[in-house]
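>>> Turn this into a structure:
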Amino acid sequence: MTTIADIPKFYTALAEWLSCLVFVLLLEKRQPRKWVTALELSASFVLLCIIQYFIGIIPIALWLPGMGVALVIMYATILFCCKISPTDAGFCWAIAFIVAEFIASLDWQLYSFVAQQGFDSYLLQGIFLLIFYGGSLCIIFRIEQKRLGSGQKLEVTRREVLSAIMTSLGAFLISNISYVNTNNPFSGRMSTEIFYIRTLVDLAGVIMLVSLQDRVLELQAQKEKEAIDALFQRQYEQYRQSRENIEMVNRKYHDLKHQIAVIRMEQDEGKRENYLQQMESELQRFGVEFETGSPVLDTILSSKETYCLQHDINLNVVADGESLGFIDVMDLCSIFGNALDNAIESAEQVTEKEKRLIRLAVYTQNGFLLIRVENYFEAPLQVSGEELQTTKQDKNFHGYGIKSIRHTAEKYGGSLSISTQDGWFSLKALIPLPEGK
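Numbers count the residues shown, from 1 in each chain. The predicted structure follows:
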């Protein structure tokens, strides 16, 4: 009967640690200091080696509790090394664990087959480790890099992470059932058969989890698209409503100017002038008109300016609206509506009214259209990469304002950047002008 020795526990610990390392390398680190992360990884590797050593010498009845400790260490490694939520860490852990099981089983099965042909040596073991551990993990790294390398967050639901964990643990239990007890309908009898089942089941588990991750990311992309489309539509509806309101107010404004002429005929001079000054002061607040050269931008600015005046916010605009002619109406609503909404929300939180400032600039330079929106801020802002974490109460549109602006800029071949410096928040969209502009 052909037999295969059990996988050396050090190899199992190495596979578990390296599979965790894949995610640590790809995800944003929790600690800005690299040496802290390196220390955490080193401690994790030592602990995994110690646990696997004891798993190899304790009675089989304690094997599952020992593996449970190893799984906790793997989860803690991902959670503490990476800036990630507990649910996202659980999803990554599920993939890392079954990947570790697969590469350890595959490597040892193939090495054992070659060793049985008379080529057994520690050098050969090292070569197999390099080829199959290194090769398999490089493949997983490349797969996960396409999903996580761009800074995209999983943001999985509890139901999704539970599915991933059940898939991983299910594959693990099925693949190791023969190792624990061969007297059941699902076990192999020969050690070569046991390893064959183990490797295939673990491979199936890896494929299922990668497919599940694809599905999760597809659903997130769909949800994000729907949210961005909703923002587009909301900003466009705001633009249409603002245009109607502004036209109505301006009509009323011009009508009242004629009424003022009649009121000036009031005999009581003091009463007449006081009344007229009050009317004109109020009308001035609703007679805001912009002439940037873009009717769409004028409408958006008029609407926002009215709100700013009511909340003691100074909106300073220098804009060449004619340069926006190549951009679709709904796209203009998305860019300026979202940018000004974010700036207004931030400016409202400034306690000193004289510091409630917003600056908008639109101009062309060197073949590019530059849109810059700046505002003074006091409330703490969380900037993650190129994303601004929202403080809005409406969590249905969490973080999608900036994403919507970025999506629109990229639609025209441009880019978006955000930055903070000396109490000023700056949003800049750079879009190449069409040929001939």
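
>>> Show me where the protein dips below the pLDDT cut-off.
Counting by pLDDT under 70, the chain contains low-confidence ranges at 1-5, 149-153, 177-195, 224, 226-268, 271-272, 275-276, 278-289, 379-400, 436-437.

>>> Please enumerate the helices of it.
Taking DSSP state H, the helices of the chain run over residues 9-26, 34-57, 63-81, 86-114, 122-128, 134-148, 158-180, 191-263, 269-286, 295-310, 329-348, 400-411.

>>> List the buried residues in the fifth one.
By that I understand helix 122-128. Residues 125, 128 are the ones in helix 122-128 that count as buried (16 or more other CB atoms under 10 Å). No exception for glycine: its C-beta is placed from N, CA and C like everyone else's.

>>> Remind me what it packs against, helices and strands.
The helices and strands touching helix 122-128, judged by 3 or more CB pairs under 8 Å, 6 or more residues apart in numbering; DSSP states H and E, are helix 86-114.

>>> residues touching residue 296, list them.
Residue 296 is in contact with 239, 324, 329, 332, 333, counting by CB atoms under 8 Å, 6 or more residues apart in numbering.

>>> is it possible to export the residues you listed to TSV including neighbour count and distance to residue 206?
As requested, these are exported to TSV (neighbours: other CB atoms under 10 Å; distance: CB to CB, whole Å):
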residue	neighbour count	distance to residue 206
239	22	49
324	24	50
329	15	48
332	23	47
333	26	45
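
>>> Now residue 30: phi and psi?
Torsion angles at residue 30 (phi, psi; degrees, to the nearest 10) stand at phi -70, psi -40.

>>> Could you give the number of residues near the closest residue to it other than its chain neighbours?
Leaving aside its chain neighbours, residue 30 sits nearest to residue 83 (4.6 Å; criterion: CB to CB, 6 or more residues apart in numbering). Using other CB atoms under 10 Å, residue 83 is surrounded by 14 other residues.

>>> you'd agree residue 83 is up against residue 28?
Yes. Using CB atoms under 8 Å, residue 83 is in contact with residue 28, at 4.4 Å.

>>> Between these two, which contacts overlap?
Joint contacts of residue 83 and residue 28 (CB under 8 Å, 6+ apart) do not exist.

>>> Tell me which of the helices of the chain sits nearest to residue 425.
When the helices of the chain are compared by CB to CB, helix 329-348 sits nearest residue 425, at 6.3 Å.

>>> For the closest one, enumerate the helices and strands it packs against.
helix 191-263, helix 295-310, strand 357-365, strand 368-376, helix 400-411, strand 424-432.

>>> How about that helix, which residues are buried there?
Result for helix 329-348 [16+ other CB under 10 Å]: buried residues 330-347.

>>> can you check stretch 302-309 too?
302, 303, 304, 305, 306, 308.

>>> For residue 87, state which of the residues you listed is nearest.
Nearest to residue 87 among the buried residues of stretch 302-309, with distances taken as CB to CB, is residue 304, at 38.0 Å.

>>> Isn't the closest one up against residue 311?
No. With contact defined as CB under 8 Å, residue 304 does not reach residue 311; the gap is 10.6 Å.

>>> intersection of neighbour lists for those two?
With CB under 8 Å, 6+ apart, residue 304 and residue 311 have common neighbours residue 344.

>>> OK, contacts around residue 31?
Contacts of residue 31 by CB under 8 Å, 6+ apart are 37, 40, 81.

>>> Not counting sequence-adjacent ones, nearest residue to the second one?
Read it as residue 40. In space, residue 40 is closest to residue 81, 5.3 Å off (CB to CB, 6+ apart).

>>> Contacts only, for the one you found.
Taking CB under 8 Å, 6+ apart as the test, what residue 81 contacts is 20, 24, 29, 30, 31, 37, 40, 41, 44.

>>> Distance of the residue lying closest to residue 201 once chain neighbours are set aside relative to residue 100?
Spatial nearest neighbour of residue 201, excluding adjacent residues (CB to CB, 6+ apart): residue 175 at 3.8 Å. Separation of residue 175 from residue 100 (CB to CB, to the nearest Å): 12 Å.

>>> More neighbours: those two, which one.
The residue with more neighbours, out of residue 175 and residue 100, is residue 100; 28 against 24, by other CB under 10 Å.

>>> For residue 130, see how far away that one is.
When residue 100 is compared with residue 130 (using CB to CB), they lie 17 Å apart.

>>> Equivalent analysis for residue 156, please.
To residue 130, residue 156 is 33 Å away according to CB to CB.

>>> Looking at those two, which one has more neighbours?
Counted by other CB under 10 Å, residue 156 and residue 130 do not tie: residue 156 has more neighbours, with 24 against 11.

>>> so that one makes contact with residue 89?
No. The criterion here is CB under 8 Å, and residue 156 misses it with residue 89 at 10.0 Å.

>>> And stretch 346-358, what's buried?
346, 347, 350, 356, 357, 358.

>>> any idea how far the second one lies from residue 148?
This means residue 347. 35 Å.

>>> Over to the last one?
For residue 358, the distance to residue 148 (CB to CB) stands at 36 Å.

>>> do the same with the fourth one
Summarising the geometry, the distance separating residue 356 from residue 148, computed by CB to CB, is 39 Å.

>>> likewise residue 219?
For residue 219, the distance to residue 148 (CB to CB) stands at 16 Å.

>>> One more: residue 66?
30 Å.

>>> neighbour count winner among those two?
residue 148 (23 against 18).

>>> Contacts only, for the more buried one.
23, 26, 27, 154.

>>> Quick check, residue 73 in contact with residue 50.
No. Residue 73 is beyond contact range of residue 50, at 9.5 Å (criterion: CB under 8 Å).
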